[in-house]
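In: Task: produce atomic coordinates for the following.
(one chain, ligands or ions: 1)
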Amino acid sequence: MIRSVVRGFGASLPKRVMTNREIEEKVDTSDEWIVQRTGIRQRYIAGEGETTASLGEGAARAALANAGLTPADIDVIIVATSTPDNTFPATAVNIQNRLGMHHGAAFDLQAVCSGFVFAVTTADAYIRGGLAKRVLVIGAETFSRILDWNDRTTCVLFGDGAGALILEAQEGSGTTADRGVLTAQLRSDGAHKEKLFVDGGPSTTGTVGHLRMEGREVFKHAVGMITDVIEAAFEATGTTADDLDWLVPHQANRRIIDGSAKKLGIPLEKVVITVDLHGNTSAASIPLALNVAASDGRIKKGDLVLLEAMGGGFTWGSVLLRW
Ligand code: UT7
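Out: Below is the predicted model of the structure:
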């Protein structure tokens, strides 16, 4: 059977790092509170000329170089983002053009913080359905541009950045020994819409709006939703937490990551944590974390890697893949 195998990875971050100390000067908060409650120590913030498309382009170029491929080798580009450069066209066509690519198809996908998991799942369906041989999957965000910088309950949490994977059709045997995506589990429930949303949009206010979150409410649901889709991935593949080499979670809050790992019996040595470096970069957080752990040699070819995310909507999901 056809499997969607990781052929390359890459990432791109804005030039500017913003520490917790700098945020102390903007709102009534402290480095101590932010570290204790979230694990975040710094985040990257896009400056003039840096946009979701420019960061996405950087991640795409890095992934192409890592794979030894050129844009001519890509059939489809999927960009997971909630912070597009424009309401339309899609940031994906912007990135496609920046790459000098004028063939194939490019589109955006919006599932907020679960966007990258949804995009990898979509790419896998395209590849296994025979619609594409190679898909460039990008998670790219500039959440700093939709934050209310006077709201200490949200502005301390988020950051900007982009990460990318190239998935390629390769023949597999149909067992969990195959490299590539082994299962994907996606969920959403719009009943929770008001707990994490942006209070603007083209068809309501005609403005971009700002991110609003009932943090405690989101937190309350997070661990249960994450463990639901992880257990579903184990069940679908007949694997267990013991088989995992790496858990690469969405990086929203260190306490959510620790709580989910503990509930699932996954030791923290097997969990990739980058929330301290990047903050919550929404759809970019998983590919940014993958880039760190694959670049420093932790994630190796053949490793069993579990991705999971939960975010606005609510949306949540997991992808189990062999690297
Ligand atoms: O990526 C999408 C999914 N999003 C998430 O996963 C986020 C989920 N939620 C969270 O991570 C946490 O709920 C937060 C980090 C947002 C907040 O942590 P918490 O432990 O739930 O704190 P809280 O909201 O219960 O607030 C505790 C106290 C409050 O003061 P009082 O009412 O106890 O006097 C807040 O006003 O902390 C106060 N507070 C702050 N203090 C200093 C809230 N924000 C800040 C701040 N600095 N930045």
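
In: ok, now which ones touch whatever residue of the stretch 201-323 of the chain ends up closest to the ligand?
Out: The minimum distance from the stretch 201-323 of the chain to the ligand, using CB to the nearest ligand atom, falls at G215 (2.7 Å). Bear in mind the C-beta positions are built from the backbone N, C-alpha and C, glycine included. By CB atoms under 8 Å, 6 or more residues apart in numbering, G215 lies in contact with T153, T154, L157.

In: Over to E217?
Out: By CB under 8 Å, 6+ apart, the contact set of E217 is K195.

In: care to break this protein down by domain?
Out: What automatic domain parsing lists as the domains of the chain is 2-171, 180-322.

In: Can you tell me which of those domains is packed in deepest?
Out: Sort those by mean neighbour count, taking mean count of other CB atoms under 10 Å, and domain 2-171 sits at the top with a mean of 21.

In: pLDDT of that domain, averaged?
Out: Mean pLDDT, domain 2-171: 98.

In: any idea how far that domain is from the chain center?
Out: Taking CA atoms, centre = their mean, to the nearest Å, one finds domain 2-171 lying 7 Å from the centre of the chain it belongs to.

In: Between its first and last residues, how far does it reach?
Out: Length of domain 2-171, first residue to last, CA to CA, to the nearest Å: 5 Å.

In: interface residues of the stretch 51-200 of the chain facing the ligand?
Out: Residues of the stretch 51-200 of the chain lying near the ligand by CB under 6 Å from any ligand atom: C113, R152, T153, V156.

In: out of those residues, what pair is the most spread apart?
Out: Pairwise distances among those were taken by CB to CB; the largest, 20.1 Å, belongs to C113 and R152.

In: Could you pull up the contacting residues of T227?
Out: Counted by CB under 8 Å, 6+ apart, T227 has contacts S260, K263, L264.

In: in the protein, which spans are helices?
Out: 20-24, 31-38, 52-67, 91-98, 115-128, 152-155, 215-237, 254-264, 275-278, 285-295 (DSSP state H).

In: The fourth one - contacts with which helices or strands?
Out: I take that to be helix 91-98. Judged by 3 or more CB pairs under 8 Å, 6 or more residues apart in numbering; DSSP states H and E, the packing partners of helix 91-98 are helix 52-67, strand 76-80, strand 105-109, strand 134-142.

In: Where does pLDDT dip in the stretch 201-323 of the chain?
Out: The model of the stretch 201-323 of the chain has no residue with pLDDT under 70.

In: Close to the ligand: what parts of it are there?
Out: G215, R216, V218, F219, A222, A252, N253, I256, N280, G311.

In: correct me, but the third one touches K195?
Out: Yes: contact criterion CB atoms under 8 Å: V218 and K195 qualify, at 5.6 Å.

In: joint contacts of the two?
Out: Taking CB under 8 Å, 6+ apart as the contact rule, V218 and K195 both touch F314.

In: Contacts only, for A63.
Out: Under the criterion of CB under 8 Å, 6+ apart, the neighbours of A63 are G8, F9, G10, L136, A164, L165, I166.

In: and the gap between it and L99?
Out: As judged by CB to CB, to the nearest Å, A63 and L99 stand 11 Å apart.

In: Grab the nearest non-local neighbour of whichever residue of the stretch 1-150 of the chain sits closest to the ligand.
Out: With CB to the nearest ligand atom, the shortest gap between the stretch 1-150 of the chain and the ligand falls at T29, namely 3.3 Å. Nearest residue to T29, sequence neighbours excluded (CB to CB, 6 or more residues apart in numbering): R152, at 4.8 Å.

In: so who does that neighbour touch?
Out: Contact partners of R152, counting by CB under 8 Å, 6+ apart, are V27, D28, T29.

In: Over to R16?
Out: Y44, I45, A46, G47.

In: Distance to the ligand for these - can I get that in JSON lines?
Out: JSON lines is the format used below for the contacts of R16 (distance: CB to the nearest ligand atom, whole Å):
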{"residue": "Y44", "distance to the ligand": "16"}
{"residue": "I45", "distance to the ligand": "16"}
{"residue": "A46", "distance to the ligand": "18"}
{"residue": "G47", "distance to the ligand": "23"}
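
In: Quick check: the two most widely separated of the contacts of A63?
Out: F9 and L136 (11.0 Å).

In: what sits in contact with each of these two?
Out: Joint contacts of F9 and L136 (CB under 8 Å, 6+ apart) are A63, A164, L165, I166.

In: Among the residues of the stretch 201-323 of the chain next to the ligand, which one sits closest to R37?
Out: N253 (7.6 Å).

In: I'd guessed the closest one sits against F219; true?
Out: Yes: with contact defined as CB under 8 Å, N253 counts as touching F219 (7.1 Å).

In: Residues that sit against both of those two, list them.
Out: Here N253 and F219 share no contacting residue, scored by CB under 8 Å, 6+ apart.

In: which residues does the closest residue to N86 other than its chain neighbours contact?
Out: The spatially closest residue to N86, leaving aside those adjacent along the chain, is N94, at 7.9 Å (CB to CB, 6+ apart). Contacts for N94 (CB under 8 Å, 6+ apart) come out as A53, D85, N86.
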